[in-house]
Structure formats: C-alpha cells, structure tokens
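>>> predicted model and sequence follow; I will ask about them next.
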Amino acid sequence: MPVIMTQPSEKLDDVMGLVSVHQGPVLVAMTEPSTDDLRFLHISEPSPALMVVEPCRQDHAINNLFEQAERAGMSMFRVKYWKYSAVAHTIPVFDYEAHSFPQPEQAKISGES
C-alpha cells in the first residue's frame, strides 16, 4: 500500500492530488508537531457507493482531516476534483511506553538444563 508523507499545514487538495495518482487505498502519514507522534490515515478510493458530500474548503489543511477523523474514528470527505466521496479512517498512535512486552528468554543450547 502506498504511503504519502505530509506536513500538517499542507493543503488537503494537494495531498489528495498525490493520493489520486495511486489506484486504490493509500496511507497518509504525518508527524504531530506537538508530540512528534507519527499519525496515519487510511484513505479509501472515492466511491459511487458513498453519499456525495460537499467538497472541503480550499484552505482546508491535511491536519484538519486528521483531527476530523480522529474525533469520530473516520470521516467521509471529498475534494474539489473528485466526483465521489472517500473515507478517512484513523489508525491509532501506538504508545510503546504504555505497553509491557515480555522479555525474550535466553536461548538454551541443546543439552543444557
């Protein structure tokens, strides 16, 4: 799956122009400036099966779509040059420090007890 790396202030229309180059769903990645967390949105293909929504404002930044999708878990949206709407699904940020991982046991050599 293609991954497109963006900056929070990039215009949504510009980022979705890059998404449009790929045939199929795309991951859009962005680093959150305040936390340095790597955030992801899974962007579906525009689809005639979805209700056609109004296009986002031209000054809408990609960070706005991340925030909108994170509030609801997903967000249906459309940019000015798409005939159909698409869906942005958030992929939760993984917090390594909040998880405990088992430590690997030392490898035992055959014959050791």
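Looks like it arrived, so ask away.

>>> pretty sure Glu54 is in a helix, no?
No. Under DSSP: H, G, I helix; E, B strand; the rest coil, Glu54 sits outside any helix and is assigned coil.

>>> what is the burial count for the residue nearest to it when sequence neighbours are not counted?
Among residues not flanking Glu54 along the chain, Arg78 sits closest, at 7.1 Å (CB to CB, 6 or more residues apart in numbering). Yep, even glycine has a C-beta here, placed from its N, CA and C like the rest. Using other CB atoms under 10 Å, Arg78 has 19 neighbouring residues.

>>> same deal with Ser34?
Ser34 has 6 neighbours, counted by other CB under 10 Å.

>>> quick one on the thing from earlier: I'd say the residue nearest to Glu54 and Leu65 touch.
No. Using CB atoms under 8 Å, Arg78 makes no contact with Leu65, being 11.2 Å away.

>>> quick one: contacts for the closest residue to Tyr84 other than its chain neighbours?
With sequence-adjacent residues excluded and distances taken as CB to CB, 6+ apart, Tyr84 is closest to Pro46, at 3.9 Å. By CB atoms under 8 Å, 6 or more residues apart in numbering, Pro46 lies in contact with 78, 82-86.

>>> what is the nearest of those to Glu70?
Checking the contacts of Pro46 against Glu70 with CB to CB, the nearest one is Ala86 at 16.6 Å.

>>> and that closest one, what are its bridge partners?
Phe77 (DSSP bridges).

>>> before we move on, what's the pLDDT of it?
Ala86 is assigned a pLDDT of 96 by the prediction.

>>> from Pro46, how far off is it?
Computed as CB to CB, to the nearest Å, the Ala86 to Pro46 distance reads 5 Å.

>>> need the strands for the chain, in chain order.
3-6, 26-31, 38-43, 74-77, 86-91 (DSSP state E).

>>> for the first one, buried residues please.
Buried positions in strand 3-6, judged by neighbour count with 16 or more other CB atoms under 10 Å: 4, 6.

>>> which other helices and strands does it contact?
helix 12-21, strand 26-31 (3 or more CB pairs under 8 Å, 6 or more residues apart in numbering; DSSP states H and E).

>>> I appreciate the help and will end here.
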